[in-house]
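# predicted model, plus sequence, below.
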Amino acid sequence: MTERDPVHGRIGLRVAAIPVAVLLVACAGGGSRWTAGGSTSPSPSPTPSPSSEPGPSADELALEASRAVRFPSEDGTVLEGRLFGTGHTGIVLAHMNGGTQREWFPLAPALAEVGYAVLTFGFQGSCPGKPYGCSEGEQNSATTDEDVRGAAAFLAGQGVRRVVLGGASLGAMASIQVAADGPIDRIAPSGVVSLSGLEFAAG
């Protein structure tokens, strides 16, 4: 890409300048030490040791950047999720069939960092266990839209003025259905993000 050419050019200039810099330092006596016989020997250079410590995982970063929350689905079933960030615009992220809210952990903190309140949650019956949440009820595709409404209502109670509904597969289908049904707690969905949502499934 042309945008990277200047960077490559600068790197090339710096690499080409290394032998010149070494030569100048050697001439000035900065890179050598005198021995008893008057000759010079190179000074030992410290060798950096690579860190053996692995960096934090996406799960660890997400858990650190969020807090556990509980809220009712529209039918009253208690769902568990995680709330990332704050803001006047909230984003609900609903997971795939058979999945969990962890699907969104790589994305949710990034959205929170740019000013959104982001809610991930488990549909009824999604129970991977702590710290990933355990929603009550049984898995049922017929209640997913009620769960998304409950999630959006929870964000409205956190001071959100606008809400965007997002989901993947089954979560996308539920988000589309809820957006089509109209306002939630006097807040009409401002947008929908559908990833692989089907137009028709199981009636």
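That came through fine. Everything quoted here is computed from the prediction, not taken from an experiment.
# dig out what residue 92 forms beta bridges with.
The partner list for residue 92 in beta bridges (DSSP bridges) reads residue 119, residue 165.
# OK, contacts around residue 131?
Contact analysis of residue 131 by Cβ atoms under 8 Å, 6 or more residues apart in numbering lists 63, 68. All C-beta spots, glycine's among them, are computed from the backbone N, C-alpha and C.
# run a quick neighbour tally on residue 154.
If you count neighbours by other Cβ atoms under 10 Å, residue 154 ends up with 24.
# show me the contacts for it.
With Cβ under 8 Å, 6+ apart, residue 154 has these contacts: 69, 71, 119.
# let's see it at 7 Å
When contacts are counted by Cβ atoms under 7 Å, 6 or more residues apart in numbering, residue 154 is found next to 71, 119.
# same check, this time on residue 164
Taking Cβ under 7 Å, 6+ apart as the criterion, residue 164 is in contact with 89, 91, 189-191, 193.
# same thing but 6 Å
The neighbours of residue 164, taking Cβ atoms under 6 Å, 6 or more residues apart in numbering as the test, are 91, 190-191.
# what's the answer for residue 87, then?
Shown here is residue 87, whose contacts under the criterion Cβ under 6 Å, 6+ apart are 115-117.
# if we go to 10 Å?
Contact partners of residue 87, counting by Cβ atoms under 10 Å, 6 or more residues apart in numbering, are 111-112, 114-118, 155, 158-162.
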